[in-house]
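A.B. asks: sequence first, then the predicted structure, then my questions.
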Amino acid sequence: MNYRHAFHAGNFADVIKHIVLARILTYLQEKPGAFRVIDTHAGAGLYDLESDEARRGGEWLTGIARLMQARLSNETAALTKPYLDIVRAFNPKGELNTYPGSPLIARGLLRPQDRLVACELEPKARKALIDVLRRDEQARVVDLDGWVALPAFVPPKERRGLVLIDPPFEAKDEFERLGEAFSSAFTKWPTGIYVVWYPAKSRRATDTLAQLVARAAAAAKPPGNCLRLEFSVAPQVDGALTTTGLLIVNPPYTLQSELRTILPELEKPLGQGGAARFRLEVPKP
């Protein structure tokens, strides 16, 4: 799978991932101690929804555009507000033409004492990310392969925070590398929160990854917890991404109940050719 994000920014997978990211960071804000966000495959940071790439796929039209028009319950509206407020801040005139990627979602939820490390190796994406975070004393863009950075940057000095592992899945062995890199990092920092994104195209590959991550979490001292979320907008067809997956290790105790409130209300607006569906479970080691 070749996942060039300029074609997919703001799609349903981004919506699910960034809602989860925002809920976790909102939880981390509840304690005064500083935290650090490490984004291993950060991308360009900000995406023009009027670009040729975004227009060609138009995936944001069935993702963030639908969510911003959806009628949500008061409870779900409150839970998604931190995320949607950031999206609106990048679209001040009310027209949706720009979408903030993971590093800018995270940056929007940092307090003065918190920090962001964003890793990006691809030259054009890294330059774009540097431009949007220029002169930001709380954020650092690192010219380093995310797989190398992951074990190198943990544990952070703050000893609190989140690691987002969101590779482009351009290599055939990306699932294997992801599992190995997570295990290596988790051994060094078993109390951190990890969010692992994956495209759910092969049930065997995704189940193997979930089992590996859950096993590594369970073997830690003290044992870590793991939550698996998959959100499908349509039946699987060759070549298309219709199911997005997240593995959340050491999730906030509030997250599962929050997602059980939010996700049912996203099934109708994000569904393609019918209602979407989700699974939320604790994977077995």
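C.D. replies: It's in.

A.B. asks: residue ranges in the stretch 101-250 of the chain under the pLDDT threshold?
C.D. replies: Of all residues in the stretch 101-250 of the chain, none has pLDDT under 70.

A.B. asks: quick one: the helices in it, in order.
C.D. replies: 102-107, 123-132, 146-152, 174-188, 203-219 (DSSP state H, counting those that start in this stretch).

A.B. asks: isn't residue 7 up against residue 60?
C.D. replies: No: assessed by CB atoms under 8 Å, residue 7 is found out of contact with residue 60, at 10.1 Å. Where you see a C-beta, it was placed from the backbone N, CA and C, and this is true even at glycine.

A.B. asks: any shared contact partners between the two?
C.D. replies: Common neighbours of residue 7 and residue 60, using CB atoms under 8 Å, 6 or more residues apart in numbering, are residue 54.

A.B. asks: same drill for the two, tell me which one is more crowded.
C.D. replies: residue 60 (23 against 18; other CB atoms under 10 Å).

A.B. asks: so the more buried one, which of the three states?
C.D. replies: Put simply, residue 60 is helix when judged by DSSP: H, G, I helix; E, B strand; the rest coil.

A.B. asks: contacting residues for it?
C.D. replies: 9-11, 49, 54, 96, 99.

A.B. asks: next, count neighbours for residue 194.
C.D. replies: Residue 194 has 26 nearby residues by other CB under 10 Å.

A.B. asks: next SSE downstream of the helix or strand harbouring residue 14?
C.D. replies: Per DSSP states H and E, residue 14 falls inside helix 12-28. Past helix 12-28, further along toward the C-terminus, the next helix or strand under DSSP H and E is strand 36-39.

A.B. asks: which positions within stretch 161-176 qualify as buried?
C.D. replies: Of all the residues in stretch 161-176, those buried under the rule 16 or more other CB atoms under 10 Å are 161-169, 174-175.

A.B. asks: what residues are up against residue 83?
C.D. replies: 18-19, 21-22, 105.

A.B. asks: among these, which two are most distant?
C.D. replies: Distance extremes for the contacts of residue 83: the farthest pair is 19 and 105 at 9.5 Å, using CB to CB.

A.B. asks: CA atoms only: put the helix or strand containing residue 278 into CSV for me.
C.D. replies: The secondary structure element spanning residue 278 is strand 277-281 (assigned by DSSP H and E). Output in CSV follows, covering the C-alpha atoms of strand 277-281 (Å, rounded to 0.1, in the frame of the first residue of the first chain):
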residue,chain,number,x,y,z
ARG,A,277,-19.5,0.1,11.5
PHE,A,278,-16.9,-0.2,14.2
ARG,A,279,-15.4,-2.7,16.6
LEU,A,280,-13.8,-1.7,19.9
GLU,A,281,-12.2,-4.4,21.9
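
A.B. asks: could you list the residues in contact with it?
C.D. replies: So strand 277-281 is contacted by 227-232, 256, 259-260, 263-264, 266-267 (CB under 8 Å, 6+ apart).

A.B. asks: between the residues you listed, which is nearest residue 74?
C.D. replies: The closest of the contacts of strand 277-281, once distances to residue 74 are taken by CB to CB, is residue 264, at 14.8 Å.

A.B. asks: please export the C-alpha coordinates of stretch 42-56 as CSV.
C.D. replies: Below are the C-alpha coordinates for stretch 42-56, written out as CSV (Å, rounded to 0.1, in the frame of the first residue of the first chain):
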residue,chain,number,x,y,z
ALA,A,42,4.6,13.4,10.9
GLY,A,43,4.1,14.3,7.3
ALA,A,44,3.7,17.9,6.0
GLY,A,45,1.6,19.2,8.9
LEU,A,46,-0.9,21.2,6.9
TYR,A,47,-2.8,20.1,3.8
ASP,A,48,-4.4,22.2,1.1
LEU,A,49,-7.8,20.7,0.4
GLU,A,50,-7.9,22.6,-2.9
SER,A,51,-4.7,21.1,-4.2
ASP,A,52,-4.6,18.8,-7.2
GLU,A,53,-3.9,15.8,-4.9
ALA,A,54,-6.8,16.5,-2.6
ARG,A,55,-9.2,17.2,-5.5
ARG,A,56,-8.2,14.1,-7.3
